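Colleague: Predicted model follows, preceded by the sequence.
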Amino acid sequence: MALNFRPPPLPVPNRRDLIALPLIIALFFIVAHAGREMAVPFHLGQTLDISLSPAVLPEYGLYTVLRMLAALAVSFAFTLGYAWLAAHNRYAERILIPALDVLQSVPILGYLSITVTGFMALFPGSLIGVQLAVIFAVFTSQAWNMTFSLYQSLKTVPRDLQEAATLYRLNAWQRFWKVELPFAMPGLLWNTMMSMSGGWFFVVASEAITVSDQTVMVPGIGSYIAAAIAQKNLPAIGWAIVAMIVIILLYDTLLFRPIVAWADKFKFEMTASGDAPRSAVLDFLRRTRVLRLLAVIPSLLWEASVRLTPRVPLRAVAAKSRRRWADGVFYAILMVFAAWALVRLLQVLPRDFGWPMVGHVILLGLITGSKVFVLVALSALVWVPIGVWIGLRPRWAQRVQPLAQFLAAFPANLLFPLFVVVIVHWHLNVDVWTAPLMILGSMWYILFSVVGAASAIPTDMREAAQNLGLRGWLLWKRLYLPGIFPGFVTGAITASGGAWNASIVAEVVSWGDKTLVATGLGAYISQTTAQGKTAQIALGVGVMSLLVILTNRLFWHRLYDLAQRRVRLD
Amino acid sequence: MDAMQRPEPATAAPAIQRVEIFRTEHLRKSFRTPDGAELLVLDDVNMHLLEDEILVLLGRSGSGKSTLLRMLAGLVPKSGGVALHRGQPITGPVPGLAMVFQSFALLPWLTVLQNVELGLEALKVPPAERRARAIAAIDLIGLDGFESAYPRELSGGMRQRVGFARALVINPDVLLMDEPFSALDVLTAETMRTDLLDLWTERKIPTRGILLVSHNIEEAVLMADRIIILGSNPGRIINEMRIDLPHPRNRESQDFRDLVEVIYGAMTARPGGRDAARRQVPGVGLRLPSLSVNALAGLLEELDALEKNTANTRISLPELAEDMRFSVDDLFPLIEGAELLGFAQVEDGDIMLLPAGRTFVDGSLQERKQIFARHLLERVPLVARIRSVLDERFNHRAPDSRFLTELEDHLSEDEARRVLDTAIDWGRYAEIYAYDDNAEVFSLDNPQAEA
């Protein structure tokens, strides 16, 4: 068959191009400008002028957004490398996966406390160091669960796809991009979106932090609000909240919705689903003529990469079966190393702190832990009935679901000052009334998981229950509560993790010169960070990670398994 | 071209040596169970695939036919014996070979064209040639017009056509097919078989040999030049036959039906020696077929009805299959279960109801349960073992992991779970024991409330 493969001539721009092209070019200029601004000279001790005029908010918002994007890019690169290695090398897997489990239990702001001085030392006399520290903090809030998601997907690529890839002699590079990554895409994307919504909280929290009695600020929404708090400027806080709402909505419309709509083709299902996600922005871009040419670039890159990567040898040798002695050596080395680390820890702990101090920190941890627990239980009491009520009414669910997702993404720390004003004004108990701040940002996960689960309860089950005359508590006990249980557990795990993370900023809050300090491990970490006591920060962060790992292992994971085994509606 | 001219008739002078594509000698495959025991799935397989022939590997589930196919493809390493591809030992993926999968194994994120191009891309065929060859293959297989469609937009038959196009586009030397038609509906499957046979007999494809794995007897007789029948536990070759019917073969012809009947007999036959060997095994690891009691009762009732209608106690299996509107292969677990429990007996491809089976059919619900329980305890060692362990324990409870570990000495992990699930189901019906799925514990709690 004679086919002509000459590249098509450059298309005539259409009306949509006329709108899209200038926008895209302007975007390049804005990013370039912001990049220059973000690297201005800076010395520790120098105070950066943060203006409180609403007019600067677009620019500050832009900086915040760029930090988020940078963190996202880094997280993505990290995820691809780490997960691929863990999924393809048995020995790496044994180390990397437990390590990942620990890494994701470390409070995000703990990373910031530990690393900010290091980053600043890396770029002396420039703001880049601080910028990187902030980006790193956001990275730590996103990378771990993205990596977990990709790793799990890579381990569950269907066997026949793998066999087809082997038989048709795809090399590792082609296999990754054509089979493995596309298969992992839906899960990875979902986790990225969840991470992003957590990320807003941390980017705001880390743009203004106190290290060694010095407040370090980088221009952004977070530092804007910190300055507003210091100057007790309520209208400015209102402006910041409005700006944040706009930013999150823009981010969703311009970035995530198009990506989700585009990535719908990666769903590993063979039935065409009725309502595929759509995005007006994506449709718009697809209808432009000149911009669509840009889509040729990835395919050209792909062709080039295919030519560069080596072919699978004609007589390839299949992977060798595992060697027992190698396993033995590997585990022996690992055991020796673990034992050595444990001994060192037991030597160092008493020398640096003394056991009473360690005990005190653990006690603080238990206090924060019980607060988290009570808060999750309380929000469950409130949001489960509401969530079920909404979920059973599809029309409501459709409207509430995006709202709940938005609320989960909205950085709750922007709202803290409003609470503090109230607490200060009425002289309320600090320990009790600052606690809700911890769950303020993450309880929405419970709401939207429950709404999702409730709307997934099959209609025939509801009809059967109605037919049998079930109502009141019996109906809830027999149908609704079991039905939403798996969804609730998923939401509660996220909410609890979020509350632990938030405790670091929520247990020490201030308004002008008034600072409220609650009892708890979060306050301990945040105060030692402010004083620059590195050893104590490490102790606090270590204890918190340990407690998070323990509650996850002993409580949440078991609950999750139970939910998966017992009450699945399929 | 007449198909019959190509494969040498069986009677032809052996002087004309035909080239062997695959050859195995004493090929063996075993898996290691978690606690280190060796589990044999294929034993002493001696077979070969010649050029210009379609060889069908016919066997029931658990006969290791798919494993054999994958060993030949170089996807699964062998445990012992010799496996050669054109005289070379198979150490990894064999070049020049394409495979068609039961599940199609298409990449849902690629269009039909991109799916077909995949193998060529791996071979670094330049883009222009790649596209031209892919489009030619798509035309050949009757998919033109669907190049830019995604697999999810296609029906099952069209998807498998993409699977064939993807396989044929690399001009494979050998085509391996792992039950390629079994996920399709009857009519679609028939069309696809005919289309493939046309391509093969008219030599529109450069492929020199086809190896087809199937559990469908009629499919095998329809397509094969030669059939190898594999028996189960462990998989080994129990029979081999040539099919010399001219193409196109007619399912309704007497020759065809006779062949199907013969193969039925061969597949249900139990060589005395092997059977005796099986009886000697303590038997806890006996592979119970996955079969619900209701389905078994249905089979026995049907046999009873047929017996009364035809006044003939011997009923041929193809006839039974047709009568129950079952594909012949769905019958095997049913028959195996009925034989195992002593309700029916198979001889030379015929099945007959035994007295116990007749009592079962005539009994009330409670009587059925009682006779089922008696046969279960007598004939299924696993059920008897569970019951006796429960009787011995003072609290009459035992975790299922206890029996699972015991089963895993004889069976693979998945298979052990499947067999135990069957034992749970049967034992519950017979009220021999109770089982708590949450705690995963067997008990004697209230097993015989009535009796």
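Modeller: Cool, got the structure.
Colleague: mind checking which helix or strand B:Glu302 is in?
Modeller: Per DSSP states H and E, B:Glu302 falls inside helix B:293-310.
Colleague: brain fart, A:Trp340
Modeller: Using DSSP H and E, the element containing A:Trp340 is helix A:324-352.
Colleague: Against which helices or strands is that helix packed?
Modeller: Using 3 or more Cβ pairs under 8 Å, 6 or more residues apart in numbering or on different chains; DSSP states H and E, the elements in contact with helix A:324-352 are helix A:90-103. Glycine gets a C-beta too; all of them are placed from N, C-alpha and C.
Colleague: ok, then the element right after the helix it packs on?
Modeller: The helix or strand immediately downstream of helix A:90-103 is helix A:108-122, counting by DSSP H and E.
Colleague: how big is the angle separating that next one from helix A:90-103?
Modeller: Interaxial angle of helix A:108-122 relative to helix A:90-103 (axes from the mean of the first three to the mean of the last three Cα atoms, to 10 degrees): 110 degrees.
Colleague: buried set for helix A:108-122?
Modeller: Judged by neighbour count using 16 or more other Cβ atoms under 10 Å in any protein chain shown, the buried positions of helix A:108-122 are A:108-117, A:119-120.
Colleague: With stretch B:248-258 instead?
Modeller: Using 16+ other Cβ under 10 Å as the test for burial, stretch B:248-258 gives B:249, B:256-257.
Colleague: what does stretch A:440-460 give?
Modeller: The neighbour-count check on stretch A:440-460 (16+ other Cβ under 10 Å) flags A:440-455, A:457 as buried.
Colleague: again with stretch B:168-186
Modeller: Going by neighbour count (16+ other Cβ under 10 Å), the buried part of stretch B:168-186 is B:168-170, B:172-184.
Colleague: Now tell me which helix or strand of the chain has the poorest mean pLDDT.
Modeller: No chain specified, so I'll use chain A. One helix or strand of chain A scores below all others by mean pLDDT, DSSP states H and E: helix A:290-293, with a mean of 71.
Colleague: that's the wrong chain, I meant chain B
Modeller: helix B:272-280 (a mean of 43).
Colleague: Could you list the residues of the stretch 1-150 of chain B in contact with chain A?
Modeller: By Cβ under 8 Å from any Cβ of the partner chain, the residues of the stretch 1-150 of chain B that approach chain A are B:70, B:73-75, B:77, B:88, B:91-93, B:95, B:97-99, B:101-103, B:105, B:107-110, B:118-119, B:121-124, B:127-128, B:131-132, B:135-136, B:139, B:150.
Colleague: Using neighbour counts, trim those residues to the buried set.
Modeller: Here, 16+ other Cβ under 10 Å leaves B:70, B:73-75, B:77, B:92-93, B:95, B:97-99, B:101-103, B:105, B:107-110, B:118-119, B:121-122, B:131, B:135, B:150 buried among the residues of the stretch 1-150 of chain B next to chain A.
Colleague: So which of these belong to helices?
Modeller: Under the assignment DSSP state H, these contribute B:70, B:73, B:118-119, B:121-122, B:131, B:135 to helices.
Colleague: Can you tell me which of those residues comes closest to chain A?
Modeller: Minimum distance to chain A across these is 3.7 Å, recorded for B:Gly119 (Cβ to the nearest Cβ).
Colleague: that older thread, let's test this: mean pLDDT of the helix holding B:Glu302, rounded?
Modeller: For helix B:293-310, mean pLDDT is 88.
Colleague: how much space is there between A:Ala137 and chain B?
Modeller: Separation of A:Ala137 from chain B (Cβ to the nearest Cβ, to the nearest Å): 34 Å.
Colleague: how many other residues sit next to that residue?
Modeller: Residues near A:Ala137, counting by other Cβ atoms under 10 Å in any protein chain shown, number 27.
Colleague: Which secondary structure elements does the helix or strand harbouring B:Gly337 sit against?
Modeller: Using DSSP H and E, B:Gly337 maps to helix B:331-340. In this structure, helix B:331-340 makes packing contacts with helix B:293-310, helix B:317-323, strand B:344-347, judged by 3+ Cβ pairs under 8 Å, 6+ apart.
Colleague: what lines up beside the shortest one in the sheet?
Modeller: Going back to what we said before, that points to strand B:344-347. Take DSSP bridges as the rule and strand B:344-347 pairs in its sheet with strand B:350-353 (antiparallel).
Colleague: neighbouring contacts of the partner strand?
Modeller: With Cβ atoms under 8 Å, 6 or more residues apart in numbering or on different chains as the test, strand B:350-353 has contacts from B:300, B:303-304, B:307, B:313-317, B:320, B:335, B:338, B:343-345, B:361.
Colleague: before we move on, back to that, do the least confident helix or strand of chain A and chain B meet at all?
Modeller: No - Helix A:290-293 is not in contact with chain B by Cβ under 8 Å from any Cβ; minimum separation 15.4 Å.
Colleague: what packs against that helix?
Modeller: Using 3+ Cβ pairs under 8 Å, 6+ apart, helix A:290-293 sits against helix A:15-37, helix A:280-287.
Colleague: got the angle for the first one vs helix A:280-287?
Modeller: Okay, so that is helix A:15-37. Helix A:15-37 runs at 110 degrees relative to helix A:280-287, counting by the same axes, to 10 degrees.
Colleague: Outside of stretch A:171-183 itself, list whatever touches it.
Modeller: With contact meaning Cβ under 8 Å, 6+ apart, stretch A:171-183 is reached by A:80, A:84, A:88, A:153-154, A:157-158, A:161-162, A:165, A:170, A:266, A:268, A:302, A:305-306, A:309-312, B:107, B:109-110, B:118, B:121-122.
Colleague: Spell out for me the PyMOL command that would select the buried members of those.
Modeller: Listed next is the PyMOL selection for buried residues among the contacts of stretch A:171-183, using 16+ other Cβ under 10 Å:
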select buried, (chain A and resi 80+84+153+154+157+161+162+165+170+266+268+306+312) or (chain B and resi 107+109+110+118+121+122)
